[in-house]
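J.: pasting the sequence and the predicted coordinates here, then a few questions.
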Amino acid sequence: MHIELQGRERCHYRIGNPWGQPLGRIADYLQPILLDPQSYVVQENARLVTENLVGVGRNRRIVEETLHLKELEPRQRQMVRLRSLLPPQESIRATVCSLVDARQWTGSYFHWFLDCLPRLIAADDHARRTGDIPRLIVPSRLNHWQAESLALLGIDSGRFIPHRPVGRGGLAVHRLIAYVAHRWQRLGHAPFDATSPWAIGQLRDRFSRSLPVSEGGGPQRIYLSRRGVPSRQVTNEEEVMGVLAPHGFVAVQTEKLSVTEQIALFRGATHIVAPHGASLTNLLHSRQGSLLELFQDGHGVRPDYFQLAMINGLQYLHGTCESQDTERHIRVAPQVLHNYLDVTL
């Protein structure tokens, strides 16, 4: 059974590109696009097989909504179906929704927030409609920001089913809730990873109910440093801050902050300068201002954070930077920063 949550959405984003920077895949979004309806599947007596927990229904049809951003070759599909015919390794007599991504990317801050947590929208809708509260398959060892995000969303840990190997026959569940987490467009009217403004709004509002907006207290102009992570560091960070600090910018390492602190930081920020990276996932909570996103030359200009900025009404600018080595470290030309400051201050 399919349950529609939201009809098709029309999006038309615009970008100011005063420096003639390459647009990359952002160009795909600078024309009107029509997003797929947001819906989820309720599958009775389902089986979850393979380490990726691919759903199979009673009629041996694969539950496509469990294949987020991943397709299966015909031979793989046959293998999944055959495994679903074997005796299950384990059975759970409950309604289940999996937050474990088919690509095993749950350990990524970006994918956890934008691909996994939105599945709670479907679980919550099912609970409201039926009174049946789904249990949740979560990573076997939740890291601190995964655990904090679930707590902020009001999820009782008693609902958790830790993800574990399910054996050849898989995991049999009484009822499966499967939501294709809004970034996999299937009908061909939009780029495949177009983000649903409706789904983003649903997730943002749920965090807001847990953490009401408070004014003031944090820096309004921030530079997101990647000094503490292994890739995409800015090799001339002192020079960057030499340009930004006189204008009130403060360097922040988000990996040192709790989820609550990151939400507060982005809610209050009016100007954000950052290398492309997972900390920009927190644009989910932004309400104002502008963003300068810095890409490695040759790595590709990507549309993920552009979309979040557009959905939340930020002014978006970007620049490509000289690549320094195989770890995708970059050197930021000071002129890119001056250009941004001239446009936004």
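T.: Now that the structure is in, tell me what you want to look at.
J.: per-residue pLDDT of the spatially closest residue to Ser290 that is not a sequence neighbour, please?
T.: Once flanking residues are discounted, Ser290 sits nearest to Gln315: 3.9 Å by C-beta to C-beta, 6 or more residues apart in numbering. Where you see a C-beta, it was placed from the backbone N, CA and C, and this is true even at glycine. Among the per-residue scores, Gln315 holds a pLDDT of 95.
J.: so which residue is dead centre in this structure?
T.: Closest residue to the average C-alpha location of the chain: Leu114 at 2.0 Å, with C-alpha atoms, centre = their mean.
J.: which residues does it contact?
T.: Residues counted as contacts of Leu114 (C-beta atoms under 8 Å, 6 or more residues apart in numbering) are Ala181, Arg183, Thr195, Thr281, Leu284, Asp304.
J.: circling back: count the neighbours of the residue nearest to Ser290 for me.
T.: Using other C-beta atoms under 10 Å, Gln315 is surrounded by 16 other residues.
J.: tell me the SS of the nearest residue in space to Arg331 that is not next to it in sequence?
T.: Ranked by C-beta to C-beta, 6+ apart and with sequence neighbours excluded, the top spatial neighbour of Arg331 is Glu322, at 4.7 Å. For Glu322, the secondary-structure state derived from DSSP: H, G, I helix; E, B strand; the rest coil is strand.
J.: how many residues are close by Glu322?
T.: Burial of Glu322, expressed as a neighbour count using other C-beta under 10 Å, amounts to 14.
J.: what residues are up against it?
T.: Applying C-beta under 8 Å, 6+ apart, the residues near Glu322 are Asp297, Ile330, Arg331, Ala333.
J.: what do you get if the cut-off is 7 Å, keeping everything else the same?
T.: Contacts here follow C-beta atoms under 7 Å, 6 or more residues apart in numbering; on that basis Glu322 touches Asp297, Ile330, Arg331.
J.: same check on Ala274?
T.: Contacts of Ala274 were listed using C-beta under 7 Å, 6+ apart, and they are Tyr223, Leu224, Leu280, Glu293, Leu294.
J.: next, the residue nearest to Ser290: phi, psi?
T.: The phi/psi pair for Gln315 (degrees, to the nearest 10) reads phi -80, psi 130.
J.: where does the residue nearest to Arg14 when sequence neighbours are not counted land on pLDDT?
T.: Ranked by C-beta to C-beta, 6+ apart and with sequence neighbours excluded, the top spatial neighbour of Arg14 is Leu30, at 6.8 Å. At Leu30 the predicted local confidence, pLDDT, stands at 93.
J.: now the one 3 residues further on
T.: You'll see Ile33 listed with a pLDDT of 93.
J.: without its sequence neighbours, what residue ends up closest to it?
T.: Distance criterion C-beta to C-beta, 6+ apart; nearest residue to Ile33, sequence neighbours excluded, is Ala190 at 4.1 Å.
J.: roughly how far apart are that neighbour and Gly24?
T.: Ala190 sits 17 Å away from Gly24, taking C-beta to C-beta, to the nearest Å as the criterion.
J.: how deep is the nearest residue to Pro18 once chain neighbours are set aside tucked in, by neighbour count?
T.: With C-beta to C-beta, 6+ apart as the measure, Val343 is the residue that lies nearest to Pro18, at 6.3 Å, once sequence neighbours are left out. When neighbours are counted by other C-beta under 10 Å, Val343 registers 14.
J.: quick check: which element contains Val343?
T.: Secondary-structure assignment from DSSP states H and E places Val343 in helix 334-344.
J.: now that helix: how far from the chain's centre is it?
T.: Shown here is helix 334-344, whose average C-alpha point lies 28 Å from the average C-alpha point of the whole chain (C-alpha atoms, centre = their mean, to the nearest Å).
J.: quick check: buried residues in that helix?
T.: By neighbour count with 16 or more other C-beta atoms under 10 Å, helix 334-344 contains the buried residues Val336, Leu337, Asn339, Tyr340, Leu341, Thr344.
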